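Enquirer: Just need the structure, nothing else, for what follows:
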Amino acid sequence: FEARWCKDADVAVIGGGNSAGQAAMFLARTARHVHVLVRRDSLADTMSDYLLQRLRSHPRITVHSRTEVTALHGDGHLEAVTISDRMAGQAWRLKTQALFVMAGAAPNTSWLSGLIALDDKGFVLTGGTVGGRSAYETSCAGVFAVGDVRAGSVKRVASAVGEGS
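Expert: Numbering: from 1, shown residues only. Prediction:
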């Protein structure tokens, strides 16, 4: 799994469902800090209460509500992301070499267009065909996609879990 690229580093996970929460918990075992970025005001409607409580109580996980990634930065590989807080109207930069997109069955990836390779339906292209170092790395080094958002995935929970979601 791509956690090996995240050892002792800050990482970001985009998504508000159980897959994103489970990924954050897994990454927190080796990452310095995991930032979970959520567009909604709350995760209560999209994540199990048990998992949400685990995220909130974990010392190396921060959930950022009403946020979205507005820019990727780096030269040949990911070095940082710009995160915008829609409610406060402020943006901040997170130094990270790993961004995990856990966006669900409807890709909702238009914001990635021009930044990483997408197929004609908006699903993220990964693996050797786009220069990824692993089956889940995108065309931008350090940006990974697993589960439903990945082009060619089966779009079933069991498959996403098997990919490390």
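
Enquirer: Walk me through the domains of this structure.
Expert: Segmentation of the chain into domains, based on the TED database, reads 3-101, 106-164.

Enquirer: Would you confirm that residue 24 contacts residue 54?
Expert: No. The pair residue 24 / residue 54 is not scored as a contact, 9.2 Å apart, by C-beta atoms under 8 Å. All C-beta atoms are positioned from the backbone trio N, CA, C, and that covers glycine.

Enquirer: Looking at those two, which has the bigger crowd around it?
Expert: Neighbour tally, residue 24 and residue 54, criterion other C-beta atoms under 10 Å: the higher count belongs to residue 24, 27 against 16.

Enquirer: Next up, the contacts around the most centrally placed residue in the chain.
Expert: Centroid check for the chain by C-alpha atoms, centre = their mean gives residue 100 as the closest residue, at 2.3 Å. Residue 100 is in contact with 2, 11-15, 20, 23, 27, 144-146, counting by C-beta atoms under 8 Å, 6 or more residues apart in numbering.

Enquirer: And the contacts of whichever strand or helix holds residue 19?
Expert: Taking DSSP states H and E as the criterion, residue 19 maps to helix 18-27. Residues from elsewhere that reach helix 18-27 (C-beta under 8 Å, 6+ apart): 1, 3, 6, 11, 13-15, 34, 36, 38, 43, 46-48, 51-52, 54-55, 58, 61, 100, 102, 104, 146-147, 160, 164-165.

Enquirer: Among those residues, which are located in helices?
Expert: Using DSSP state H, the subset of the contacts of helix 18-27 located in helices is 51-52, 54-55, 160.
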